[in-house]
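Asker: Task: produce atomic coordinates for the following.
(one chain, ligands or ions: 1)
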Amino acid sequence: MTSSAPDDSNITSAHNEPSNKINIGTRRSALARIQADLVRDELQKAWPEKTYEIHAMSTMGDKNQVTPLHEMGAKALWTHELEALLLEKKLDGVVHCLKDMPTQLPANLKIGAILPGEDPRDVLVVRSSLNTTYSTLSSLPASSIIGTSSVRRSAQIRRKYPHLQFADVRGNIGTRLSKLDDPESPYTALVLAAAGLKRLGLDDRISQYLTGKEGGMLHAVGQGALAIEIREGDDEMECVVKKIACWRTTRQMLAQRSLMRTLEGGCSVPIGVETEWVKGETSGAGDGDVDEERFTNELVMSAIVVSLDGADAAEGEIKKVVRNEEDADEFGRDMARLLIERGASEILEKINLNRKIIEAQGDA
Ligand SMILES: NCc1[nH]cc(CCC(=O)O)c1CC(=O)O
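Answerer: Alright, predicted model coming up:
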């Protein structure tokens, strides 16, 4: 009934098949496959009469692990080959970590559904040989090397822990963990997303959970959430995936993505965010699950834009009633406006200018 195709050649045209067969695309990493299986299982529960096939494919982003991320056109690399198959109707939906999706999707594609979120936090993973000695960022000795290729992570850590150093680390989560533990490795610890580790059953590698309060680290926009990308106008597929969507997570994520879109930051720009539903003073009248919404219709968002060296930051926190997706979008724009008032544009302009100088010098 379900299988993982080893390569593109196994893909048959979905539009030639009976419409109760759903073709789901995903990347080839262990995590991507687990995520696709998770989505398939949920769909199967929601629509047991349909059949599902998962097509796992490697993408350019997976193959090229040498070129610095910000020089590769960033996020599109992980997604565009799968998106081409989606547009050709060889796939009906593509499962992504929402974090890896650009805020502006290609023409004729859209997010069909956002699923209930996994833990959105970043975590510290200390090298096996040292993880009984050190378990927090603050306990790491001076000049410890943190493996991360994310400027959002390194900039925020630099801000709070200026005695730490950083080195790039790339590859799937499994690859990164083996690089960390390799006796020859320079790394003392990595910072990773809790969601990926938990989905892989690697929670036992987590040394410290990082949040705004703990370690001064806000996570990436979209972190922890899975999204299903579909074609615009594919109303049938939209109806299928909407049944497994989570409206609460959807609104959080739309707010986060609206912030990022307004600030025009890609994944290579240090924007951190945290959102949480809290019990509001006003009640009822949402367009989601009214009973539940009565108790938690206010969204709190904390966000930060940091300079690469961690010296400058624009930060803010907003709490607001979010009753629908339009409110969520507006919430993100409000937060962007607040951060801009507090100097975010200057920080982002400086980062973009530095990148242009480096590119002009041909410095890979
Ligand atoms: N950029 C890679 C990536 N994209 C999504 C996740 C984790 C899972 C998620 O955030 O949903 C990861 C790994 C990481 O950052 O540690």
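Asker: tell me the strands in this structure, going along the chain?
Answerer: Assignment of strands within the chain using DSSP state E yields the ranges 4-5, 21-27, 51-57, 93-97, 109-114, 122-126, 145-147, 165-167, 189-193, 208-210, 226-231, 271-278, 298-306, 313-321.
Asker: got the angle between the last one and strand 271-278?
Answerer: In other words, strand 313-321. Between strand 313-321 and strand 271-278, the angle comes out at 20 degrees (axes from the mean of the first three to the mean of the last three CA atoms, to 10 degrees).
Asker: Where do the helices of the stretch 1-150 of the chain begin and end?
Answerer: Ranges of helices in the stretch 1-150 of the chain, per DSSP state H, counting those that start in this stretch, are 30-46, 60-63, 76-87.
Asker: just to revisit the earlier point, lowest mean pLDDT across the strands of the chain, which one is that?
Answerer: In terms of average pLDDT, strand 4-5 trails the rest of the strands of the chain, at a mean of 43.
Asker: Sketch out the low-pLDDT regions of the chain for me.
Answerer: Scanning the chain for pLDDT under 70 picks out the ranges 1-19, 59-79, 265-268, 280-296, 358-364.
Asker: try 50 this time
Answerer: For the chain, applying pLDDT under 50 flags the ranges 1-10, 13-17, 68, 70-75, 283-286, 290, 362-364.
Asker: Those residues of it touching the ligand, which are they?
Answerer: Applying CB under 6 Å from any ligand atom, we find that the chain lies next to the ligand at 97, 99-100, 192-193, 195-196, 223-224. The C-beta positions use only the backbone N, C-alpha and C, and glycine is treated the same way.
Asker: Farthest-apart pair in the residues you listed, please.
Answerer: Using CB to CB, the two most remote members of those are 100 and 192, lying 14.2 Å apart.
Asker: So if I had to pick from these two, which one is more boxed in?
Answerer: residue 192 (24 against 20; other CB atoms under 10 Å).
Asker: Which strand residues bridge that one?
Answerer: residue 123 (DSSP bridges).
Asker: Identify the residues contacting residue 147.
Answerer: Going by CB atoms under 8 Å, 6 or more residues apart in numbering, residue 147 touches 166-169, 176, 179-180, 187, 189-191.
Asker: how near is the closest residue to it other than its chain neighbours to the ligand?
Answerer: Excluding the flanking residues, the one nearest residue 147 by CB to CB, 6 or more residues apart in numbering is residue 169, at 3.6 Å. As judged by CB to the nearest ligand atom, to the nearest Å, residue 169 and the ligand stand 10 Å apart.
Asker: And for residue 111?
Answerer: Taken as CB to the nearest ligand atom, the span from residue 111 to the ligand is 14 Å.
Asker: Enumerate every residue touching the residue of the stretch 1-150 of the chain found nearest the ligand.
Answerer: Across the stretch 1-150 of the chain, no residue is closer to the ligand than residue 97, which sits at 3.6 Å (CB to the nearest ligand atom). Neighbour list for residue 97: 35, 195-196, 222-223, 225-227 [criterion: CB under 8 Å, 6+ apart].
Asker: Max pairwise distance over these: which two?
Answerer: 196 and 227 (15.1 Å).
Asker: Would you confirm that residue 127 contacts residue 178?
Answerer: No: Residue 127 lies out of contact with residue 178 (CB atoms under 8 Å); the separation is 11.0 Å.
Asker: Endpoints of stretch 243-252, how far apart?
Answerer: One end of stretch 243-252 to the other measures 18 Å (CA to CA, to the nearest Å).
Asker: Just the residues contacting that stretch, thanks.
Answerer: 39, 42-43, 45-47, 113-117, 225, 275, 277, 288-289, 292, 296, 299, 322, 324-325, 327-328.
Asker: now it, how far from the chain's geometric center?
Answerer: Offset of stretch 243-252 from its chain centre (CA atoms, centre = their mean, to the nearest Å): 15 Å.
Asker: got the buried residues for it?
Answerer: Across stretch 243-252, burial judged by 16 or more other CB atoms under 10 Å covers 244-252.
Asker: wait, which of these is closest to the ligand?
Answerer: residue 249 (11.5 Å).
Asker: Just give the number of residues close to the nearest residue to the closest one once chain neighbours are set aside.
Answerer: Nearest residue to residue 249, sequence neighbours excluded (CB to CB, 6+ apart): residue 117, at 4.5 Å. Residues lying near residue 117 (other CB under 10 Å) number 20.
Asker: And the residue of the stretch 1-150 of the chain closest to the ligand, how close does it get to residue 315?
Answerer: 25 Å (CB to CB, to the nearest Å).
Asker: what do you get for residue 47?
Answerer: 44 Å.
Asker: Number of residues surrounding residue 84?
Answerer: 12.
Asker: Tabulate the strands of the chain (a markdown table), appending distance to residue 259.
Answerer: As requested, the strands of the chain are exported to a markdown table (distance: least, CB to CB, whole Å):
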| stretch | distance to residue 259 |
| --- | --- |
| strand 4-5 | 35 |
| strand 21-27 | 26 |
| strand 51-57 | 31 |
| strand 93-97 | 18 |
| strand 109-114 | 16 |
| strand 122-126 | 18 |
| strand 145-147 | 26 |
| strand 165-167 | 25 |
| strand 189-193 | 18 |
| strand 208-210 | 20 |
| strand 226-231 | 17 |
| strand 271-278 | 7 |
| strand 298-306 | 6 |
| strand 313-321 | 10 |
